[in-house]
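Visitor: Provide a 3D model corresponding to the input given below.
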Amino acid sequence: MNWKHAKFLILGVTFLAASLGASAQEPANKEVKPPDTTTNAPEAKPPAAEAPPIQEAEPTYTMKIDFDRRVKMRDGVELSADVYRPDAPGKFPVILRRTPYVKASGGTRVVDRLKKFVAQGYVFVYMDVRGRGDSDGKFVPYRADGPDGFDAIEWCAAQPWSTGKVGTYGGSYEGINQWLAAVQQPPHLTTMVALVSPSDPFVEWPTGIPIPQDVSWYFFTSGHVDQNIDAVDWTKVYTHLPMVSLDDAAGRPDDNWKDLFDHPTLDSWWEPLRYQNKYNRVQVPVLHISGWYDDEQIGTPLNYIGMTTMGTVDVARKNQKMMMGPWPHAVNSTGKLGNVDFGPTAVIDLDGYMLRWFDFWLKGKDTGIMKEPPVRIFVMGANQWVDENEWPIARTKWTNYYIHSGGQANTLSGDGTLTTDEPATETADGYHYDPANPAPFITAPSFAQIGGPDDYSPVEKRDDVLVYSTEPMTEDTEICGPIRAEVYASSSTPDTDFMLMLIDVWPDGNAERLSDGMVRARYRNGMESASPIEPEKIYKYNINAWNTCETFKKDHRIRVQISSSATPKYDPNPNTGDPLGKTTAMQTAEEKIFHDSEHPSHVVLPVVPAKP
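Guide: As a prediction, this is how the structure comes out:
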């Protein structure tokens, strides 16, 4: 989809571990483990309230399971739910998780996690979404999840073992389907724990068409059971043209995939799948959780900001919390990505933290969680957890870093620099972008995890990559918040792309990717409509490069990289201006990046001074 559908659930689901294998370029994300947040290793106790207090366990309940409860939706379609509940009389609060990843999968790992919730006095309802697993109907991603979520929540509240208080829980697809249900305002929805939630259409992937790697997710979820994505050579599939038939090239034609190419702008077809324009309809407290290297990362801070600024009832607006760890999409699964080790506190007792949240909102227990600051973030580089009172951080010094060169910023060996000085008279940088030979984005081949803190110094040897670096830092400098850029550029073609990446350069030359973003020229004014650019005309492009939180250590450098491609994260723009994804024609583009007094291309960095 135009935003990142293509995610598997990160909480306790067994997935094909081989799908996370290394690419030929040895990406840093090769060490991402199969999705699991069951880790309960004791936390080290560094300074400054590094570890939130964990509620002491109460006397436990044994578990009883009601398999395949049939839950009828308003249109008569029956969905399948397995109900894990205390084997004891009485009523209990309910946690509902609705998954497209087949509730019957996961083995003892999932069962052991559910026992922990049940032992603490919760009913856990685990449901297959429409058309997946044991549920009836046809699976069309997200289309029925709002109404079905409403009906499922109200069914949970009406059962004899239920107190009527229902919390929802889950990540990735299960994050967004919580939001789609919440905007329907089910009366008994009490709270949500939304992990690694995707954003609305085109927010994460503003290209008008799905990213190539999404097709591996459509393959995986085609039919009622999970498909074996390891049977496909995805690297070869991604080179196939036209993109609309990538599903055919993979061997499983899928109408859900093809439908996306008929709606390359934000038209009414997408409205049922949107929630970030409806925060005023979500009236419950939400615990937002993600990681800086989650490839859906942008959604979680946006949702926190949206709920705290646009909520219409106090219980929602004033009771949001956000946690951002040094994690990939599989949150809390590892404290090391590639050659970057985030230290002994990177993996936490996340289950214990979420139980404190549920105990407060579903049981009325004062666990202390709502007395803690609302934002808890991991500062990479410094490798420590910190608490903040808001996001973005109020004491941030928004600082313009301008790109400079003598017109030869191409490659790592060029003359590009990055400073806080505004440019005067400078020569533009140019490069030749060939969509048949695009610059690579370092990643494993499937949808499971896209990118990580990979070393981009090999990519920066390409002549179609511009490189701008600061002098070595004279002291540790924290950059923590949203990253955005204004880039003045021209192209010889009616459409093209511009990519920007923020990098931490280590003293040994390792160029660690922190965050990145892109703009497609035809959508420079937004995704509601597309319009070609005039060849050779200079335009200002605003690029959202998502968020990061990194302490650039003394002697490290801040680097900005600019190019026109990042495949397979984004499809190579063919530069023709033709309908996207439906043709095989392509042409090369001559690109220019301007940085002078009239065209001061720069990145805005959130420099965070130490707390008083």
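
Visitor: burial check on the residue nearest to residue 587 when sequence neighbours are not counted, number of neighbours?
Guide: In space, and not counting its chain neighbours, residue 587 is closest to residue 575: 5.0 Å by C-beta to C-beta, 6 or more residues apart in numbering. For glycine as for every other residue, the C-beta is placed from the backbone atoms N, C-alpha and C. A total of 24 residues lie near residue 575 under the criterion other C-beta atoms under 10 Å.

Visitor: how close does residue 575 sit to residue 301?
Guide: 33 Å (C-beta to C-beta, to the nearest Å).

Visitor: strands of the stretch 151-300 of the chain, start to end?
Guide: Assigned by DSSP state E, counting those that start in this stretch, the stretch 151-300 of the chain shows strands spanning 162-171, 189-195, 286-293.

Visitor: spell out which strands sit alongside the shortest one in the sheet and which way each one runs.
Guide: To tie it back to what came earlier, the one meant is strand 189-195. Next to strand 189-195 in the sheet, as set by DSSP bridges, lie strand 162-171 (parallel), strand 286-293 (parallel).

Visitor: most tightly surrounded among the ones you listed?
Guide: Most buried of the strands paired with strand 189-195 by mean neighbour count (mean count of other C-beta atoms under 10 Å) is strand 286-293; its value is a mean of 27.

Visitor: pLDDT of that strand, averaged?
Guide: The pLDDT scores in strand 286-293 average 98.

Visitor: before we move on, the earlier item: need the strands paired with strand 189-195 in CSV (columns: distance to residue 470).
Guide: Formatted as CSV, the strands paired with strand 189-195 follow (distance: least, C-beta to C-beta, whole Å):
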stretch, distance to residue 470
strand 162-171, 36
strand 286-293, 21
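
Visitor: how about those strands, which one is nearest residue 259?
Guide: strand 162-171 (24.7 Å; C-beta to C-beta).

Visitor: and that closest one, how far out from the chain's middle?
Guide: Remark: strand 162-171 is offset 23 Å from the chain centroid, using C-alpha atoms, centre = their mean, to the nearest Å.

Visitor: pull it out as PDB, backbone CA atoms only.
Guide: Output of strand 162-171 as PDB, limited to C-alpha atoms (Å, rounded to 0.1, in the frame of the first residue of the first chain):
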ATOM      1  CA  SER A 162     -16.400  -9.600  31.200                       C
ATOM      2  CA  THR A 163     -16.400  -6.500  33.500                       C
ATOM      3  CA  GLY A 164     -17.400  -4.500  30.500                       C
ATOM      4  CA  LYS A 165     -14.000  -2.700  30.400                       C
ATOM      5  CA  VAL A 166     -12.100  -3.600  27.100                       C
ATOM      6  CA  GLY A 167      -8.600  -2.600  26.200                       C
ATOM      7  CA  THR A 168      -7.000  -3.300  22.800                       C
ATOM      8  CA  TYR A 169      -3.500  -4.300  22.100                       C
ATOM      9  CA  GLY A 170      -1.200  -5.100  19.200                       C
ATOM     10  CA  GLY A 171       1.400  -3.800  16.800                       C
END
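
Visitor: what lies in contact with it?
Guide: For strand 162-171, the surrounding residues in contact (C-beta atoms under 8 Å, 6 or more residues apart in numbering) are 9-11, 91-99, 123, 149, 153, 156-157, 177-178, 181-182, 186, 188-197, 289, 331, 354, 358, 361-362.

Visitor: show the buried residues in these.
Guide: When those are checked for burial by 16 or more other C-beta atoms under 10 Å, the buried set is 9-11, 92-99, 123, 149, 153, 156-157, 177-178, 181-182, 186, 188-197, 289, 331, 354, 358, 361-362.

Visitor: and the residues you listed, which of them are in helices?
Guide: Per DSSP state H, helices hold the following members of the buried ones among the contacts of strand 162-171: 149, 153, 156-157, 177-178, 181-182, 354, 358, 361-362.

Visitor: pLDDT and distance to residue 371 added to the residues you listed, as TSV?
Guide: Formatted as TSV, these follow (pLDDT from 0 to 100; distance: C-beta to C-beta, whole Å):
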residue	pLDDT	distance to residue 371
149	98	31
153	98	28
156	98	29
157	98	28
177	97	31
178	98	25
181	98	29
182	98	25
354	97	17
358	98	16
361	98	14
362	98	18
